[in-house]
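1. Show me the folded form of this:
(chains A and B)
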Amino acid sequence: MLEVKDLHVTVEGSEILKGLSLTIKAGEVHALMGPNGAGKSTLSAVIAGKDGYEVTQGSITFEGQDVLEMEIEERARAGLLLGFQYPVEIPGVKNIYLLKAALNAQREARGEAEIAAPEFMKLIKDQLAFMRMDGSFLQRAVNQGFSGGEKKRNEILQMLVLQPKLAMLDEIDSGLDIDAMRIVAEGINSLRAEDRGILLVTHYQRLLDFVVPDKVHVLVDGRIVKSGDAQLAHELEARGYDWLLEESAA
Amino acid sequence: MATQEMEQLVRREYKEGFITDIESDTVPPGLDESTIAFISHKKGEPEWMLEWRLKAYHQWLKMTPPSWAHLDYPPIDYQSISYYSAPKRPEDMPQSLDEVDPKLLETYEKLGIPLHERAALAGVAVDAVFDSVSVTTTFKEKLHEAGVIFCSMSDAIRDYPELVKQYLGTVVPQGDNYFAALNSAVFTDGSFVFIPEGVTCPMELSTYFRINEANTGQFERTLIICEKQAQVSYLEGCTAPMRDENQLHAAVVELVALEDASIKYSTVQNWYPGDENGKGGIYNFVTKRGDCRGDRSHISWTQVETGSAITWKYPSCLLRGKDSIGEFYSVAVTNGRQQADTGTKMIHIGEGTRSTIVAKGISAGRSNQSYRGLVKIGPRAKNARNFTQCDSLLIGDTCGAHTFPYQEIGNSTATIEHEATTSKIGEDQLFYCQSRGISEEDAVNMIVNGFCKDVFQELPMEFAVEAEALLNVTLEGAVG
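-> The predicted model follows:
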């Protein structure tokens, strides 16, 4: 469903991605790993359409559509959804309001009517319970005063409500204690489906003990230098990234 | 997002129009004693009122316009202004909505203004169409039963001279400031409200009901009195853009609350702001002050300011009664070339007095906005408390926001809290919303409305919904 070909991206004049290629098929869970500064977050940001990233070469297609030609919101409505490493606080805007607006924007794009309030409440209550969040979350301002763990659970909650075709999770595991990690991982596992792709961007192997990926890619200096199965993540955990750095330099 | 796109997004279209060249019953431009005598005579006022006006005029002559505000405009030639024009004859007005600027009508539609009211707002001759006569009659009867007086200032001077004499100018004296003095000399009309002891006004009073009594806009004078234990909620203005060919507006509002009385005064100000270069917009110099004269009295100002080329306005509270409470909740939005210098003054005189200030400023385009607030605690105001929060939100990077807080604390038992923030509407916030499928325009609206929430929740319910819609329309991009 997602096809990234020979992607070159520069940020403020310096090249971060230097010819990255990646294919994700429906039903697959991919983990993108790599040392700090390798360009992991850049990839998901470019796919989502964040400002400030210049694509100098290559292409991104999603279900045959040229992603780079689409507006940010069009990408989301097409089913590409990014879970943030640092979810943004929006004072005064209730969580439930953002969720409903997002869901209705997507429904509208699909030509569906706005969701009825009772139906929405039912949907959201089930998902809240699944993420072990109580109803007060909905009434709080978006991410404001949330703990690190709450913010990340909230990102997964949005995924559960919006049901994207491709879920991209940028360092969803950073700053989580073990209990929060379990809840987040359960959320991600429940997103696994035959018609859905998942891209996990992570620095550590820890999350992958709970969410076992189908494919693991190692990103070093703007390129994928090695791909493998879940076993590769364990190897990285044991050996670190240095041997790959040396390999790629050789 | 590029600055240019941002500008596109916040640029609003607001078509200039409606300049009529029809000679009405107007005095020639200029201001002297004879002009004031003419106004007073035209309105059939008693001798004491004329003297009151003349006293104000003589004080005004000795005064100079204030220059301390963070505003930039050419000097106003007060001799080039015409100070009286009789209400227009129906045949001089547009005869139907077909003759009205379609852009204005579009805005009314977006704001959900009922059809029959659109005509009145646009200045169409509405006598034949307007069905508010019956509405007005019904609500006047209801108020009469409760003993509430709600009428125009002209009627009050004629029908309730003792009340007017007793209270007029006791909160904002004739010589209070340059614009108040000018208003006192030449005011043409306004509202008068009197709530007798122990009465809770059975409905929210609104100038909205009085829109068919046209031509009160330029030098408006409003006086609201709440006797002991009386209560009223008053709504001024409406969310629909108001047009007016008079560029200079200088209104005065006086509120008097006696023991245990409560006055809630809500304003939505949406005067024409001028074109993209700021040309033709209204200059709005307003003096609003509430006097918490009685113990445990309560005055609350809530305002949403989106219009005018220039706004100079500081709704204030004199907290004289023991344990009296003053509140100021404000949202000010400036766009294009608009300039606003606005805020409040909380003067704590009595013991145990409390005040709350929540001011939210949103600047977009090339506009400039200042918050100016004074908290003064007198020597006798033991255990007085103030809480101030003022937040500024910038949209784009060609606008400005400034904060000028003043504090004068005259005794050591006072508690003062002040919080202030300035933030740029986050590209991160926009990206976050958009990456959930929400359009850029909806995202801006969502973020801005969230920012204003603390103030909107102080507005009467219906008004709050309108205010939100108004904000969205105000910040709307080049349609689409």
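2. contacts, neighbours, all on C-alpha from now
-> OK.
3. how about the residue of the stretch 201-350 of chain B found nearest chain A, secondary structure?
-> Per Cα to the nearest Cα, the residue of the stretch 201-350 of chain B with the smallest distance to chain A is B:Val331, at 13.9 Å. At B:Val331 the chain is in strand, as set by DSSP: H, G, I helix; E, B strand; the rest coil.
4. so how far is B:Ser370 from it?
-> Noted for B:Val331: a distance of 12 Å to B:Ser370, by Cα to Cα, to the nearest Å.
5. Can you give me the neighbour number for B:Glu51?
-> The local packing of B:Glu51 (other Cα atoms under 10 Å in any protein chain shown) involves 15 other residues.
6. And it, how far from B:His58?
-> Note on B:Glu51: its distance to B:His58, by Cα to Cα, is 11 Å.
7. repeat for A:Asp66
-> 74 Å.
8. Those two: who's more crowded?
-> Using other Cα under 10 Å, the more surrounded residue of A:Asp66 and B:His58 is B:His58, with 17 against 13.
9. where does that one fall, helix, sheet strand or coil?
-> Following three-state DSSP, B:His58 is assigned to helix.
10. Got the confidence number for it?
-> B:His58 is assigned a predicted lDDT (pLDDT) of 94.
11. Which pLDDT value belongs to residue 155?
-> Since no chain was named, I'll use chain A. We have a pLDDT of 95 for A:Glu155.
12. Chain B, not that one
-> 87.
13. Next, count neighbours for it.
-> By the measure other Cα under 10 Å, the count of residues near B:Asp155 is 17.
14. cool, the one 3 residues further on as well?
-> The local packing count at B:Arg158 equals 14, with neighbours defined by other Cα under 10 Å.
15. just A:Glu69 next, same as before
-> Neighbours of A:Glu69 under the rule other Cα under 10 Å: 12.
16. how close does it get to A:Phe62?
-> Remark: distance between A:Glu69 and A:Phe62 (Cα to Cα) = 11 Å.
17. what are the ranges of the helices in chain B?
-> Assigned by DSSP state H, chain B shows helices spanning B:3-10, B:33-42, B:47-61, B:102-111, B:115-121, B:132-146, B:153-159, B:161-167, B:178-186, B:427-434, B:440-451, B:453-456, B:461-474.
18. what's the second one in contact with?
-> By that I understand helix B:33-42. B:27, B:49-50, B:53-54, B:57, B:83-84, B:185-186, B:188 (Cα atoms under 8 Å, 6 or more residues apart in numbering or on different chains).
19. ok, now with 6 Å
-> Helix B:33-42 is contacted from outside by B:Leu50, using Cα atoms under 6 Å, 6 or more residues apart in numbering or on different chains.
20. so it versus helix B:47-61, what angle?
-> Relative orientation of helix B:33-42 and helix B:47-61, computed by axes from the mean of the first three to the mean of the last three Cα atoms, to 10 degrees: 150 degrees.
21. Now helix B:33-42: average pLDDT?
-> Throughout helix B:33-42, pLDDT has a mean value of 87.
22. Tell me which residues of that helix come out buried.
-> B:35-40 (16 or more other Cα atoms under 10 Å in any protein chain shown).
23. and the direction of that helix versus that of helix B:178-186, what angle?
-> Between helix B:33-42 and helix B:178-186, the angle comes out at 60 degrees (the same axes, to 10 degrees).
24. Please apply the same query to the third one.
-> Inter-element angle recorded for helix B:47-61 and helix B:178-186: 150 degrees (by the same axes, to 10 degrees).
25. Check which helices and strands helix B:47-61 sits against.
-> Applying 3 or more Cα pairs under 6 Å, 6 or more residues apart in numbering or on different chains; DSSP states H and E, one finds that helix B:47-61 makes contact with helix B:178-186.
26. Pull the distance from the helix it packs on to the chain's centre.
-> 16 Å (Cα atoms, centre = their mean, to the nearest Å).
27. In it, which residues are buried?
-> B:178-186.
28. Report the backbone C-alpha coordinates of it in PDB.
-> Output of helix B:178-186 as PDB, limited to C-alpha atoms (Å, rounded to 0.1, in the frame of the first residue of the first chain):
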ATOM      1  CA  TYR B 178     -11.200  64.000  26.500                       C
ATOM      2  CA  PHE B 179     -13.600  61.600  24.800                       C
ATOM      3  CA  ALA B 180     -16.000  61.400  27.800                       C
ATOM      4  CA  ALA B 181     -16.200  65.200  27.900                       C
ATOM      5  CA  LEU B 182     -16.900  65.300  24.200                       C
ATOM      6  CA  ASN B 183     -19.600  62.600  24.600                       C
ATOM      7  CA  SER B 184     -21.200  64.500  27.500                       C
ATOM      8  CA  ALA B 185     -21.400  67.600  25.400                       C
ATOM      9  CA  VAL B 186     -22.900  66.100  22.200                       C
END
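29. I'd like the mean pLDDT over that helix, please.
-> Mean predicted confidence for helix B:178-186 is 94.
30. That helix - contacts with which helices or strands?
-> helix B:47-61.
31. Distance from the helix it packs on to the middle of the chain?
-> Mean-position distance between helix B:47-61 and its chain equals 25 Å (Cα atoms, centre = their mean).
32. Low-confidence ranges, chain B, go.
-> Residue ranges of chain B with pLDDT under 70: B:1-26, B:85-138, B:207-217, B:238-246, B:275-280, B:462, B:474-480.
33. any idea what sits nearest B:Pro65, other than its immediate chain neighbours?
-> Nearest residue to B:Pro65 in three dimensions, chain neighbours excluded: B:Tyr178, at 5.6 Å (Cα to Cα, 6 or more residues apart in numbering or on different chains).
34. Return the residues of chain A in contact with chain B.
-> The interface of chain A toward chain B, taken as Cα under 6 Å from any Cα of the partner chain, is made up of A:72-73, A:76-77, A:88, A:91-93, A:102, A:105.
35. which one of the residues you listed sits closest to B:Asn472?
-> Of all those, B:Asn472 sits closest to A:Val93, with 14.8 Å by Cα to Cα.
36. quick one: contacts for that closest one?
-> Contact analysis of A:Val93 by Cα under 6 Å, 6+ apart lists A:141-142, B:450.
37. who touches B:Tyr83 in this structure?
-> Contacts for B:Tyr83 were tallied using Cα under 6 Å, 6+ apart; there are none.
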